[in-house]
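Q: Provided below are the primary sequence and the corresponding predicted coordinates.
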Amino acid sequence: MAILIDEQTRVVVQGITGREGMARTTLMMDYGTRVVAGVTPGKGNQQVLGVPVFDTVKEVVEEIPGVNTSVVFVPAPLVKNAALEAIDSGIKLLVLVPDRVPIYDVLEIAAAAQLNDARFVGPNTLGLLTVGKGVLGMIGGRAETARQWFKKGHVGVTSRSGGITSSIAYYLSRNGIGLSSIVHVGGDAIVGMPHPDVVTQFQQDEETTAVVMFGEIGGTQEERVADLIEQGKFTKPLIAFVGGKAAKSGTRFSHAGAIVEGNRGTHESKVRRLRQVGAHIVENFDDIPAITAEVLKNVH
């Protein structure tokens, strides 16, 4: 099994003819992702990297059977229209890579996704990767790097920081701890699949035995994961690091979604709640591999 992507996932890249689109399509294809089409309005009837380009997503789903996933590389002001077009055309999973997508646009995308039984990762995400099966977005930078850095195993990673997503996966692999899937949920205040949604996916994945979560101040994603544990809906070991310990009220920590407001979303409140439900809290980032290894010794 895998979460969100496997060898059968058939991908359309919206914005494939742009610089980012072409570079990241190269990564995805070289890693083994089945990119079967691209979309750039006005540039149909050509090929990019051997991939046919269409003017609309609707044309893609009419011409190529089984397309179920879109990765979006278009400027932030155009993300909403691109996402709504994909959802209306029947695409069930979207990865919205760009940052600075207006929050009201994200809310419209979320409403459309809910109505159409679709999901999206991001915006402001590096994407996701299932080791040895496929990548959606830009994790790893190059396929060769992704293969060297991320080794196959049974630990899932979910993170609110793109750089930290790759760092955790790299250091776990370097310390002999293999990975199942890696997900950067996105750094914005509202994202399509926050931590609770991702750990729910890991709960259902037979190949994942434990999950490492990088959390941050701001919002309630981490507390909602704790709720899932308390309710018995997530039962696998959770190793959690929460960034932003020194942040004061009203300051932002790295990402748009990482801001403390009064007593809500503080480092202390998140850590306290996760401890209450039995999560393994990591105080120093460098200790993540060692604590994960210790936890795995007790997994049967």
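A: Arrived safely, thanks for sending.

Q: may I have the beta-bridge partners of V51?
A: V48 (DSSP bridges).

Q: just give the number of residues close to it.
A: When neighbours are counted by other Cβ atoms under 10 Å, V51 registers 18. C-beta here means a position set from N, CA and C on the backbone, and glycine is covered the same way.

Q: which residues touch it?
A: Going by Cβ atoms under 8 Å, 6 or more residues apart in numbering, V51 touches 13, 16, 25, 29, 35-38.

Q: mind running it again at 10 Å?
A: Applying Cβ atoms under 10 Å, 6 or more residues apart in numbering, one finds that V51 lies in contact with 11-13, 16, 22, 25, 29, 35-38.

Q: now the two most distant members of these.
A: Comparing every pair within the contacts of V51 by Cβ to Cβ identifies M22 and V36 as the most remote, at 15.8 Å.

Q: can you give me the helices for the stretch 51-200 of the chain?
A: For the stretch 51-200 of the chain, the helices defined by DSSP state H, counting those that start in this stretch cover 57-63, 79-88, 103-115, 143-149, 162-174, 195-203.

Q: tell me where the stretch 151-300 of the chain has strands.
A: 152-159, 179-184, 210-216, 238-243, 280-281 (DSSP state E, counting those that start in this stretch).

Q: by neighbours, which of the contacts of V51 wins?
A: Counting by other Cβ under 10 Å, top hit in the contacts of V51: V13 with 31 neighbours.

Q: who is that residue paired with across the strands?
A: G38, V71.

Q: just checking, it touches L27?
A: No - using Cβ atoms under 10 Å, V13 makes no contact with L27, being 11.0 Å away.

Q: and the gap between R273 and W149?
A: Distance, R273 to W149, by Cβ to Cβ, to the nearest Å: 32 Å.

Q: break the chain into its domains for me.
A: Taking automatic domain parsing as the reference, the chain has its domains at 10-121, 150-297.

Q: how about the residue lying farthest from the centre of the chain, nearest residue that isn't a chain neighbour?
A: Distance to the chain centre peaks in the chain at N45, reaching 31.4 Å (criterion: Cα atoms, centre = their mean). Of all residues not flanking N45 in the chain, V53 sits nearest, at 7.3 Å (Cβ to Cβ, 6 or more residues apart in numbering).

Q: now swap in K151 and tell me
A: S173 (4.2 Å).

Q: now do P289
A: N175 (3.9 Å).

Q: who's in contact with the one you found?
A: By Cβ under 10 Å, 6+ apart, the residues touching N175 are 288-290, 292-293.

Q: how does it look with 8 Å?
A: Neighbours of N175 in contact, by Cβ under 8 Å, 6+ apart: 289-290, 293.

Q: mind checking how far it is from Y31?
A: Separation of N175 from Y31 (Cβ to Cβ) stands at 23 Å.

Q: what's the answer for A226, then?
A: According to Cβ to Cβ, A226 and Y31 sit 34 Å apart.

Q: same thing with V131?
A: Applying Cβ to Cβ, the value for V131 to Y31 is 10 Å.

Q: can you tell me the closest non-neighbouring residue to F214?
A: Using Cβ to Cβ, 6+ apart, the closest residue to F214 is S159 (3.8 Å).
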